[in-house]
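A.B. asks: Structure of the sequence below:
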Amino acid sequence: MPRRLLAVLVAAVVVAVGAVVVLRLLGPGTPLAQALARAPEATSRASWTDWAAVRRELGADVGPGSSAGEVEAFVDDAFARDLSSMSALGTSAGVIHDELGFSPATIAWELLAQSTDGAVEVIGLGDQADTDDVADRLRAGGWSEPEDDEGVWVGGPDVLAGVGPGLTPELQHVALVGDDLVLASDQVPYLERAVESARGDADGAHVLAHLAETLEEPLAAAVYDGAYACEHLAMGQADADAQSEADQLVEAAGGVHPLSGFAMGVRRGGDVRAVLEVEDADDAAQDAEARARLAAGPAPGQGGDFSDRFAVEAAASDGREVVLDLVPVEGSYVLSDLTSGPVLFATC
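C.D. replies: Numbers count the residues shown, from 1 in each chain. Have a look, this model is predicted:
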């Protein structure tokens, strides 16, 4: 091989390796994956709403100057498109908008990250709100101001009740990180740990972040680790007759393997993607075929057939991941209905 060509090839390899290293250092690229990477490492399940994308999808003309009624009407419109079911803020959006200075009408995104130890609501304010204004409103609302700018504003149930009805308990205690990040939890110690993850001082939920990458940029999504998925989506939650039917259907489809992760999200235009991660890449192709067959047939424990809710547009495997692309039937609520069990095609 000529030296000049060899040198060019070596340089290209160095550049490629360098690019991979840079990408790894920068972390995952999609907004959901980035948010998960800043959530506590112990996170076993996460609920995501990209409110900025939802506003664009619905053509919603809401913002900081909107009334509480206009904000609530927008959330109702999002609910009708199955785009608000993952939100912890939707049930009290108007109150939050008026009293705390942010809401689904203004924030960029929202992630509720939960584990066996606790839960934290992580909110990206975007460019329509700022932490200084939120701090002023917390102070006026009765939260105790921390000594550290990124410390915990301590509230509690009485403070929350004084703000207005219907607020999620996660807003009892609040932390402001940087210029545009709000964290909230009903537990002060867990919130303090979550702040460390958000700052990058502690590991984040990178395993879930990697899984979420395959959803690309969903408007709304749920992401579960394997233990949570195998418990909460399991056919064991169905009655005995449904379990017996499920066993026969799984056997007829060729069998499936245990899941190490599960994610489902609504994408632009309304289509839904499900990502099911198996423990061994050698099993993924078989699972893709079997789970696609299950997703096109009866839905024991849910009632009727899955085809009443969606059509399976594509099924494929990539590494350990099985990817099902689904086209919902108009008026169906695939994400909200099928992120709790029993869900036959997500069985372990």
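
A.B. asks: now the strands: where do they sit in the protein?
C.D. replies: 45-49, 109-114, 119-124, 152-153, 173-177, 181-185, 220-225, 259-266, 272-278, 310-318, 321-328 (DSSP state E).

A.B. asks: in its sheet, what does the fourth one sit against?
C.D. replies: Strand pairing for strand 152-153, using DSSP bridges, gives strand 173-177 (antiparallel).

A.B. asks: Columns distance to Ser197 on top of the strands of the chain, output as JSON lines?
C.D. replies: No exception for glycine: its C-beta is placed from N, CA and C like everyone else's. Below are the strands of the chain laid out as JSON lines (distance: least, CB to CB, whole Å):
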{"stretch": "strand 45-49", "distance to Ser197": "13"}
{"stretch": "strand 109-114", "distance to Ser197": "9"}
{"stretch": "strand 119-124", "distance to Ser197": "9"}
{"stretch": "strand 152-153", "distance to Ser197": "14"}
{"stretch": "strand 173-177", "distance to Ser197": "10"}
{"stretch": "strand 181-185", "distance to Ser197": "9"}
{"stretch": "strand 220-225", "distance to Ser197": "16"}
{"stretch": "strand 259-266", "distance to Ser197": "19"}
{"stretch": "strand 272-278", "distance to Ser197": "22"}
{"stretch": "strand 310-318", "distance to Ser197": "28"}
{"stretch": "strand 321-328", "distance to Ser197": "25"}
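
A.B. asks: Of those, which is nearest Ser340?
C.D. replies: Of all these, strand 220-225 sits nearest to Ser340, with 9.0 Å by CB to CB.

A.B. asks: contacting residues for Val195?
C.D. replies: By CB atoms under 8 Å, 6 or more residues apart in numbering, Val195 lies in contact with Glu150, Val152, Ala175, Val177, Leu183.

A.B. asks: so which two of these are the farthest from each other?
C.D. replies: Top of the distance list for the contacts of Val195 (CB to CB): Val152 and Val177, 10.9 Å.

A.B. asks: more crowded one of these two?
C.D. replies: Under the criterion of other CB atoms under 10 Å, the comparison of Val152 against Val177 puts Val152 first, with 23 against 19.

A.B. asks: That one: what's it in contact with?
C.D. replies: Pro146, His173, Val174, Ala175, Val188, Leu191, Glu192, Val195.

A.B. asks: Please pick the buried ones from these.
C.D. replies: His173, Val174, Ala175, Val188, Leu191, Val195 (16 or more other CB atoms under 10 Å).

A.B. asks: so Val174 bridges to which residues?
C.D. replies: Going by DSSP bridges, Val174 forms beta bridges with Trp153, Ala184.

A.B. asks: quick one: it from Gly255, how far?
C.D. replies: 48 Å (CB to CB, to the nearest Å).

A.B. asks: Low-confidence ranges, the chain, go.
C.D. replies: 1-28 (pLDDT under 70).

A.B. asks: how's it carved up into domains?
C.D. replies: In terms of domains, the chain is parsed into 28-203, 218-346 (source: automatic domain parsing).

A.B. asks: Export these as TSV, with columns for distance to Leu211.
C.D. replies: Formatted as TSV, the domains of the chain follow (distance: least, CB to CB, whole Å):
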stretch	distance to Leu211
domain 28-203	9
domain 218-346	4
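
A.B. asks: so which of those comes closest to His210?
C.D. replies: Across those, closest to His210 is domain 28-203 (CB to CB), at 6.8 Å.

A.B. asks: what residues are up against Gln128?
C.D. replies: Taking CB under 8 Å, 6+ apart, one finds Gly63, Pro64, Thr106, Ile107 in contact with Gln128.

A.B. asks: surely the first one meets Ser103?
C.D. replies: No: under the criterion of CB atoms under 8 Å, Gly63 makes no contact with Ser103, lying 9.9 Å away.

A.B. asks: Between these two, point out the one with more neighbours.
C.D. replies: Taking other CB under 10 Å, Gly63 and Ser103 do not tie; Ser103 has more neighbours (30 against 14).

A.B. asks: show me what contacts the closest residue to that one other than its chain neighbours?
C.D. replies: Residue nearest to Ser103 in three dimensions, not counting chain neighbours: His97, with 3.5 Å by CB to CB, 6 or more residues apart in numbering. Applying CB under 8 Å, 6+ apart to His97 gives the contacts Ser66, Ala68, Val71, Ser103, Ala105, Thr106.

A.B. asks: for those residues, which one is nearest Glu121?
C.D. replies: Looking across those and measuring by CB to CB, the closest to Glu121 is Ser103, at 13.0 Å.

A.B. asks: That closest one contacts Ile96, correct?
C.D. replies: Yes: counting by CB under 8 Å, Ile96 is a contact partner of Ser103 at 4.8 Å.
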